[in-house]
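**Student:** sequence plus the predicted model coming up.
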Amino acid sequence: MSNLQLSDLLLRFIAGGAIISAFALVGDLFKPRSFSGIFSAAPSLAVTTIGLALFREGALYASTESRSMILGAAAFFVYAYVTCYILMHYKVSALVASTASIVIWLGISMLLWAVCLR
Amino acid sequence: MRIRINPSSLRQSGWREIAVRFACGGVITALIGMIAREFGPVLGGLFLAFPSIFPAASTLVERHVENQQQRQGQPRGGSRARHVAALDAAGAAIGGAGLSAFAIVAWQLLPSLNAAAALALATVAWFALSTLLWWARKYA
């Protein structure tokens, strides 16, 4: 791995960590819990990644990423809904339910990508 | 139920929790950068809506409730902590719908508008749609 790639990864780590933590802290401020949960789906990852893509690759590249993100967002909606359902109906911890459901996010994202964008 | 801002809830988030969120967010952002570089922006863009922080956030919510129960002398675990984590997930589902508004606005505005303004407007669109859907679900 070249020094450039390493510095890029480090920049992404620091910027991503900082922006995602900041959004999460803002979410902690709000009550009730169902509303503050909105911040668990904050576009913090997107703001960081698109911001860096704009800087390195330009607006068209970032715009293309944003178009694909529409499908990822649809998958996120189903993912969070399924996690909610599992937690309401089964005796499993939040960590198990939310981590296991990532398979659903991956499956739906890839399916939508194959159907709509490939 | 009204939306309230409660600054004292920030005291619940210790440095350890902030560090966990920072590490999760940082690692996922770096990984997604690698995916985009390897497979291009069309596939990489899907991962901008990856549930990066949600498992950690949901676990912390559940743990807060369990700790609260313990302080009140109630047994840890049970359905209450899970129920609160489920409410958090319901909110995240609404936020996920809002993410699509962010993506559409960013997709349309980035090629023609100042980058900072486009991202700011996209974030406003996410928050506005999420809040509207939350109200609709609560009161419709």
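**Tutor:** It's in. Residues are numbered from 1 along each chain as shown, chains lettered A, B, ... in the order given.
**Student:** determine the longest helix present in chain B.
**Tutor:** Criterion DSSP state H: the longest helix present in chain B is helix B:79-109.
**Student:** list the buried residues of that helix.
**Tutor:** Residues of helix B:79-109 classed as buried: B:81-82, B:84-109 (neighbour count, 16 or more other C-beta atoms under 10 Å in any protein chain shown). C-beta: built from backbone N, CA, C; applies to glycine.
**Student:** residues touching residue 36, list them.
**Tutor:** Using chain A here. Residues counted as contacts of residue A:36 (C-beta atoms under 8 Å, 6 or more residues apart in numbering or on different chains) are A:27-30, B:88, B:91.
**Student:** actually, chain B is the one I wanted.
**Tutor:** Applying C-beta under 8 Å, 6+ apart, we find residue B:36 in contact with A:49, A:53, A:65, B:43-45, B:47.
**Student:** buried among those? Make that a PyMOL selection.
**Tutor:** Only the buried entries of these go into this PyMOL selection, using 16+ other C-beta under 10 Å:
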select buried, (chain A and resi 49+53+65) or (chain B and resi 43+44+45+47)
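**Student:** make TSV from the contacts of residue B:36 and add secondary structure, pLDDT and distance to residue A:109 to it.
**Tutor:** Shown next, in TSV, are the contacts of residue B:36 (DSSP: H, G, I helix; E, B strand; the rest coil; pLDDT from 0 to 100; distance: C-beta to C-beta, whole Å):
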residue	secondary structure	pLDDT	distance to residue A:109
A:49	helix	92	15
A:53	helix	91	19
A:65	helix	95	14
B:43	helix	95	9
B:44	helix	94	11
B:45	helix	95	10
B:47	helix	95	8
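**Student:** return the closest of the contacts of residue B:36 with respect to residue B:10.
**Tutor:** Ranked by distance to residue B:10 (C-beta to C-beta), the contacts of residue B:36 are led by residue A:49 at 26.5 Å.
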